[in-house]
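In: Sequence first, then the predicted structure:
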Amino acid sequence: MITTSGLTKVYRSRGREVTALDGVDLHVREGEVYGVIGQSGAGKSSLIRCVNLLERPTAGTVTVAGQDLTALAGRGPRAGRELRQARSRIGMVFQHFNLLSSRTVQDNVELPLEILGTSGKERSRRALELLDLVGLADKAKAYPAQLSGGQKQRVGIARALAGDPKVLLSDEATSALDPETTRSILQLLRDLNRQLGLTVLLITHEMDVVKSICDSAALMEKGRIVESGTVSELLATPGSELAAALFPVSGDASGDDRTVVDVTFHGDAATQPVISQLARTYNIDISILGAAMDTVGGKQVGRMRIELPGRYEENVVPIGFLREKGLQIDVLGQEPALVKAGAK
Ligand SMILES: Nc1ncnc2c1ncn2[C@@H]1O[C@H](COP(=O)(O)OP(=O)(O)O)[C@@H](O)[C@H]1O
Ligand SMILES: [Mg+2]
């Protein structure tokens, strides 16, 4: 649904050059919620602004729903109308809502439809329908100043949906909101994604946001995507920073008389049965030191740190059992590198 290829953005101001995007290849599938995470200055906003051509990329291409927007933008003023139309099919939600304070809630939602030349009656019908969809049917005549932050963002979302987009872009839509309101806005985005088949590309600096609603995620650093994939793919990638941040496990791994193992579940094996099977089969006591599990697409994914009694050498067989179940196993501390390589 969204593909960028070699996307590059260099800002030039007062003789200085800043490379905000450095050859970004992004692939967002139709119907998924895709999270881009990264620290401030990583290039997240530049990426999203280049995806809908609010910002002209310096190089590279952006394709949305099969249409090459960069080619449209490059064809001069006459392509302007086509580009505007293409962009109206891409909804955008902002951190600070960007509502017009002099307009009612309904008139804010109607704004994109006015620009598209939709008739007054149709605009009104559509705006009320959208306000109903985001749970604000009773606020149509209110002004933005009379709304809470969460309500303002709901208006922002309704407005973003006015052009009947296939794609919704969200730049830190929940950063200005408290945790409870954040949850309700994320839930709304998830519901819209499911109900309308809307593809959502969201930018955040919060892992929790990614964890609660994203199917896939990418980590950005210094204008580049350094890791990306579905949540299960990330978990299946040894050493994935994103997976470690999404599913942090802790628990002391030191000591001679015990073997501490991180078990990663990608959704293929059920957690509980595997651990109890292990305990029963080898008649050993297993302690769970820490776990970070979640349900993604009805499957359990995440990590668990467990402790087996005895040194690594005494646990080669039980560890082999776990690996045979298709689980990714990382032995902390004492596993000899050779054995580890051989077992994988
Ligand atoms: N309009 C601009 N002019 C000059 N530099 C900019 C502009 N917008 C962003 N930058 C710079 O580009 C880099 C990436 O910024 P941005 O895309 O906003 O990152 P993020 O959203 O991840 O915080 C930063 O170094 C920022 O200072
Ligand atoms: Mg930003």
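Out: Looks like it arrived, so ask away. Ligands and ions are numbered 1, 2, ... in the order given.
In: Report the buried residues of the host helix or strand of Leu131.
Out: Following DSSP states H and E, one finds Leu131 within helix 120-133. Judged by neighbour count using 16 or more other Cβ atoms under 10 Å, the buried positions of helix 120-133 are 123-124, 126-128, 130-131, 133. Quick note: C-beta positions are derived from backbone N, CA and C, even for glycine.
In: Against which helices or strands is the next helix-or-strand element following that helix packed?
Out: Moving toward the C-terminus from helix 120-133, the next helix or strand (DSSP H and E) is helix 149-160. Contacts defined by 3 or more Cβ pairs under 8 Å, 6 or more residues apart in numbering; DSSP states H and E place helix 149-160 against strand 90-93, helix 105-116, helix 120-133, helix 179-196.
In: Let me see the mean pLDDT of the third one.
Out: Read that as helix 120-133. Throughout helix 120-133, pLDDT has a mean value of 96.
In: hang on, the earlier thing: of the buried residues of helix 120-133, which is the nearest to Arg183?
Out: Set against Arg183, the nearest of those by Cβ to Cβ is Leu133 (18.5 Å).
In: What residues of stretch 155-175 count as buried?
Out: Neighbour-count burial for stretch 155-175, with 16+ other Cβ under 10 Å as criterion, is recorded at 155-163, 165-174.
In: One more: stretch 12-24?
Out: Neighbour count says stretch 12-24 has 19-22, 24 buried, by 16+ other Cβ under 10 Å.
In: any chance of these in JSON lines, plus distance to Ser240, pLDDT and secondary structure?
Out: As requested, those are exported to JSON lines (distance: Cβ to Cβ, whole Å; pLDDT from 0 to 100; DSSP: H, G, I helix; E, B strand; the rest coil):
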{"residue": "Thr19", "distance to Ser240": "25", "pLDDT": "97", "secondary structure": "strand"}
{"residue": "Ala20", "distance to Ser240": "25", "pLDDT": "97", "secondary structure": "strand"}
{"residue": "Leu21", "distance to Ser240": "22", "pLDDT": "98", "secondary structure": "strand"}
{"residue": "Asp22", "distance to Ser240": "21", "pLDDT": "97", "secondary structure": "strand"}
{"residue": "Val24", "distance to Ser240": "19", "pLDDT": "98", "secondary structure": "strand"}
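In: Got the confidence number for the residue of the chain found nearest ligand 2?
Out: Per Cβ to the ion, Ser45 is where the chain lies closest to ligand 2, at 3.2 Å. At Ser45, the model reports a pLDDT of 96.
In: For it, list the residues it contacts.
Out: 171-172, 203 (Cβ atoms under 8 Å, 6 or more residues apart in numbering).
In: helix/strand/coil for it?
Out: Classification of Ser45 using DSSP: H, G, I helix; E, B strand; the rest coil returns helix.
In: And it, how close does it get to Leu177?
Out: 18 Å (Cβ to Cβ, to the nearest Å).
In: again, but for Leu7
Out: Leu7 is 29 Å from Leu177, where distance means Cβ to Cβ.
In: Which of those two has more residues huddled nearby?
Out: Neighbours were counted for Leu7 and for Leu177 using other Cβ atoms under 10 Å; Leu7 has more, 26 against 19.
In: Is the more buried one in a helix, a strand, or coil?
Out: Under the three-state scheme (three-state DSSP), Leu7 adopts strand.
In: Going by distance to ligand 1, which of the buried residues of helix 120-133 wins?
Out: Leu130 (27.5 Å; Cβ to the nearest ligand atom).
In: what's near enough to touch the closest one?
Out: Applying Cβ under 8 Å, 6+ apart, one finds that Leu130 lies in contact with 109, 158-159, 161-162.
In: ok, so of these, who is nearest ligand 1?
Out: Arg159 (21.5 Å).
In: Can you pull the phi/psi pair for Ala140?
Out: Phi and psi for Ala140, reported as degrees, to the nearest 10, are phi -50, psi -40.
In: Test my guess that it contacts Ser124.
Out: No - the pair Ala140 and Ser124 fails to qualify as a contact (Cβ atoms under 8 Å) at a distance of 9.2 Å.
In: For Leu161, see how far away the closest residue to Gly333 other than its chain neighbours is.
Out: The spatially closest residue to Gly333, leaving aside those adjacent along the chain, is Ala253, at 5.1 Å (Cβ to Cβ, 6 or more residues apart in numbering). Separation of Ala253 from Leu161 (Cβ to Cβ) stands at 48 Å.
In: Give me the residue ranges of the stretch 201-344 of the chain where confidence is low.
Out: The model of the stretch 201-344 of the chain has pLDDT under 70 over residues 269, 297, 334-344.
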